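Chemist: show me how the following folds:
(one chain, ligands or ions: 1)
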Amino acid sequence: NAMLSWQRTAYHFQPEKNWMNDPDGPLYHMGWYHLFYQYNPDSAVWGNITWGHAVSTDLIHWLYLPLAMVPDQWYDINGVWTGSATILGNGQIVMLYTGDTVDLVQVQNLAYPANLSDPLLLDWVKYPGNPVMVPPPGIGKKDFRDPTTAWLGPDGATWSVTIGSKINKTGMSLVYETKDFTEFRLLNGVLHEVPGTGMWECVDFYPVSTVDSNGLDTSANGPGIKHVLKASRDDNKHDYYALGTYDPEKHKWTPDNPELDVGIGFRYDYGKYYASKTFYDPERKRRILCGWIGETDSEAVNLLKGWASVQSIPRTVVYDYKTKTSVLQWPVEEVESLRYGSTEFDKIKLEPGSLVPLDIGSATQLDIFASFEVDKDALASAVEADVGYNCTTSRGGAGRGALGPFGLLVFADKSLSELTPVYFYIAKGTDGKAHTHFCSDESRSSLAPDVGKLIYGSTVPVLDGESLKMRLLVDHSIVESFAQGGRRVITSRVYPTKAIYGDARLFFFNNATGVSVTASAKIWHMKSADIRPF
Ligand code: DQQ
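Modeler: Numbering: from 1, shown residues only. Prediction:
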């Protein structure tokens, strides 16, 4: 189907056709990264959910494999929903996943590879004793799903797993213990709960090192370790996380800062991004985050196109030891193997109100590093400006203030009838302090009607001595934008109709009225990834 084929991405993972949502059970086994995903084999809309399966040696080039699991038992006949992998000490792989039963009850099931010595893990066995967990008393039968990777307790024999739920509008994560993954015991109390956050989907719970940048296996705990708790909020479809401390005796996680708590504090991504999940890569000692990037066009158009959704480029996650409040997300370094033909732009002066074309040819597949130096005297002498600025309620790239916006226009056609600004905007408080916002503006991204045209963003901490930096991965209909080394991230799904293939261009812009900016960039073209059937 040639219909809107230019919207397909070239180096993000997506199935050849039909619907995809959450990543499931990512793991590394015998030289291969395995990605499973929520997949409808019959249509480009959600339904009939199976586990699609693909493998890669580098998280960028993928081979599609046959479906790993399909709804064929009473306990998952309405869908093989999201789950996670746990790798036991003896190398055994166990998969826990949610099944939607014949009676539409959410239960947890166990599956394992039929043949552990198969690097491709083609065949999966569902445990005959399924389900292994059913909604406990007091928990709604539709409020019990998405088991995490299990972690081993201090006794070296008891595993714990946490499962998202809610009571009324309080989102929470229940904790179960098991020794064998067939019998589970619900513990009193919860790992954590936050009122007003609704159902927690796809909870993720993992340790990060505060002393080095190595990833940690999920069971690691002790000095120099914090734990990230992440919930995907069903009520607003965003992934929220917070840093805290885990007490394995009490099975309690306590946030470092209750004001930055899960569900009310930071998001992994301030754009279109949901149902993410991490795994530990023992080969390269890193923790990798996978996330689902849904469509923001209409269901009717997706049916015409015959496909829907992509996965983000997998990101490493590490503790941000500078701010101590957030994690840093960064595209896995393997994506750099797609780069070719770089161009550098050095210290381009952007006067207030200027637009500078970056002449690089087609700008549909790019990896961009850009940095911006704001004129220091102008910044210092500027009086209070835009104290209450908020990307999402602003006029985006077109709204001119004293100290912003400035940044890049991606997916722009030559007449500028379509463009997507990704930019910084500095606000200055009465205290003389500058607050930097990082935003992505879809409002003029497409001439097509009925596509999402939101303005996304967040404040981003900029520490003394840091320049303003952004990295953008541009891929036909998506731009993943990372500010300050991954302290804040925004993914925009855009649907250009004119800024496509050779007609897509790139610009620097400075729409600030009161400050000039010196911009530099290094820009690579990106090859397409090889993503095909095995
Ligand atoms: N998607 C799955 C559920 C999960 C939701 C169903 C999150 O298990 O809660 O496809 O997107």
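Chemist: going by C-alpha atoms from here, please, whenever you check contacts or count neighbours.
Modeler: Noted.
Chemist: now what about the helix or strand containing Val422, what contacts it?
Modeler: Using DSSP states H and E, Val422 maps to strand 420-428. Here strand 420-428 makes contact (CA atoms under 8 Å, 6 or more residues apart in numbering) with 382-389, 396-397, 403-412, 434-445, 468, 481.
Chemist: what do you get if the cut-off is 7 Å, keeping everything else the same?
Modeler: With contacts defined as CA atoms under 7 Å, 6 or more residues apart in numbering, strand 420-428 is touched by 384-387, 389, 397, 403-412, 434-442, 444-445.
Chemist: now for Tyr501, how many residues are close by?
Modeler: Other residues near Tyr501 come to 16 when the count uses other CA atoms under 10 Å.
Chemist: ok, back up a step: what about the helix or strand following the strand holding Val422, distance to the chain center?
Modeler: Next helix or strand after strand 420-428 toward the C-terminus (DSSP H and E): strand 434-441. A distance of 19 Å separates the centroid of the chain from that of strand 434-441, by CA atoms, centre = their mean, to the nearest Å.
Chemist: Tyr321 against Ser209, yeah?
Modeler: No - if you go by CA atoms under 7 Å, Tyr321 and Ser209 don't touch, sitting 9.4 Å apart.
Chemist: quick one: Val489 and Phe507, what's the gap?
Modeler: Computed as CA to CA, to the nearest Å, the Val489 to Phe507 distance reads 20 Å.
Chemist: compare the two (neighbour count), which wins?
Modeler: Neighbour totals were compared for Val489 and Phe507, and Val489 leads with 29 against 19 (other CA under 10 Å).
Chemist: Tyr321 and Ser209: who's more crowded?
Modeler: Ser209 (21 against 15).
Chemist: pLDDT score for that one?
Modeler: On pLDDT, Ser209 comes in at 98.
Chemist: excluding chain neighbours, what is closest to it?
Modeler: Nearest non-adjacent residue to Ser209, counting by CA to CA, 6 or more residues apart in numbering: Ile225, 4.7 Å away.
Chemist: thought the one you found was touching Asn214?
Modeler: No - using CA under 7 Å, Ile225 is not in contact with Asn214; the gap is 11.2 Å.
Chemist: more crowded one of these two?
Modeler: Remark: of Ile225 and Asn214, Ile225 carries more neighbours, 20 against 17, as counted by other CA under 10 Å.
Chemist: okay, that one: pLDDT?
Modeler: Predicted confidence (pLDDT) for Ile225: 98.
Chemist: pull the residues that contact stretch 283-297.
Modeler: By CA under 7 Å, 6+ apart, stretch 283-297 touches 21-23, 214-216, 272-281, 308-312, 314-317, 450-452, 493.
Chemist: quick check, the residue in the stretch 151-300 of the chain closest to the ligand?
Modeler: Going by CA to the nearest ligand atom, the ligand is nearest to Glu201 of the stretch 151-300 of the chain, at 4.5 Å.
Chemist: in the sheet, who's paired with that residue?
Modeler: Ser232 (DSSP bridges).
Chemist: and what of Ile523?
Modeler: Under the criterion used (DSSP bridges), Ile523 bridges to Thr343, Ile368.
Chemist: give me the distance between it and Phe509.
Modeler: Counting by CA to CA, the gap from Ile523 to Phe509 is 16 Å.
Chemist: ramachandran coordinates for the spatially most distant residue from the centre of the chain?
Modeler: Relative to the C-alpha centroid of the chain, counting by CA atoms, centre = their mean, Ser381 is the outermost residue, at 38.5 Å. Backbone geometry at Ser381, expressed as degrees, to the nearest 10, gives phi -90, psi -10.
Chemist: same question for Ser371.
Modeler: phi -130, psi 150.
Chemist: I figured it hits Leu468, correct?
Modeler: Yes - counting by CA under 7 Å, Leu468 is a contact partner of Ser371 at 5.5 Å.
Chemist: residue contacts, Tyr75?
Modeler: Tyr75 neighbours (CA under 7 Å, 6+ apart): 99-102, 131.
Chemist: tabulate the CA atom coordinates of stretch 51-61 in PDB.
Modeler: Taking Å, rounded to 0.1, in the frame of the first residue of the first chain, the C-alpha atoms of stretch 51-61 are listed here in PDB:
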ATOM      1  CA  TRP A  51       3.100 -11.300  21.300                       C
ATOM      2  CA  GLY A  52       5.000 -10.300  18.200                       C
ATOM      3  CA  HIS A  53       8.700 -11.200  18.300                       C
ATOM      4  CA  ALA A  54      11.800  -9.800  16.800                       C
ATOM      5  CA  VAL A  55      15.600 -10.200  17.400                       C
ATOM      6  CA  SER A  56      18.600  -8.100  16.900                       C
ATOM      7  CA  THR A  57      22.300  -8.200  17.600                       C
ATOM      8  CA  ASP A  58      22.500  -4.400  18.000                       C
ATOM      9  CA  LEU A  59      19.000  -3.100  19.000                       C
ATOM     10  CA  ILE A  60      18.900  -1.300  15.600                       C
ATOM     11  CA  HIS A  61      18.700  -3.900  12.800                       C
END
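Chemist: chain center to stretch 411-423: distance?
Modeler: The chain centre lies 24 Å from the centre of stretch 411-423; the measure is CA atoms, centre = their mean.
Chemist: list the buried ones in that stretch?
Modeler: Using 16 or more other CA atoms under 10 Å as the burial criterion, the residues of stretch 411-423 that qualify are 411-413, 418-423.
Chemist: what does the stretch 51-200 of the chain put close to the ligand?
Modeler: Contact residues (CA under 6 Å from any ligand atom) of the stretch 51-200 of the chain with the ligand: 81-82, 145-146.
Chemist: select only the buried ones of those in PyMOL?
Modeler: Buried residues within those, by 16+ other CA under 10 Å, are selected in PyMOL with:
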select buried, resi 81+82+145+146
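Chemist: need the residues of the stretch 51-200 of the chain next to the ligand in a markdown table with pLDDT, can you?
Modeler: Shown next, in a markdown table, are these (pLDDT from 0 to 100):
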| residue | pLDDT |
| --- | --- |
| Trp81 | 99 |
| Thr82 | 98 |
| Arg145 | 98 |
| Asp146 | 98 |
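Chemist: which element, helix or strand, includes Ala402?
Modeler: Assigned by DSSP H and E, Ala402 falls within no helix or strand.
Chemist: ok so, going back, pull out the buried residues from the contacts of strand 420-428.
Modeler: Buried among the contacts of strand 420-428 (16+ other CA under 10 Å): 385-386, 389, 397, 403-412, 434-442, 444-445.
Chemist: and the stretch 201-350 of the chain, which residues reach the ligand?
Modeler: So the stretch 201-350 of the chain meets the ligand at 201-202, 275 (CA under 6 Å from any ligand atom).
Chemist: any chance of the residues you listed in JSON lines, plus pLDDT and distance to Trp32?
Modeler: Formatted as JSON lines, those follow (pLDDT from 0 to 100; distance: CA to CA, whole Å):
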{"residue": "Glu201", "pLDDT": "98", "distance to Trp32": "27"}
{"residue": "Cys202", "pLDDT": "98", "distance to Trp32": "24"}
{"residue": "Ala275", "pLDDT": "98", "distance to Trp32": "23"}
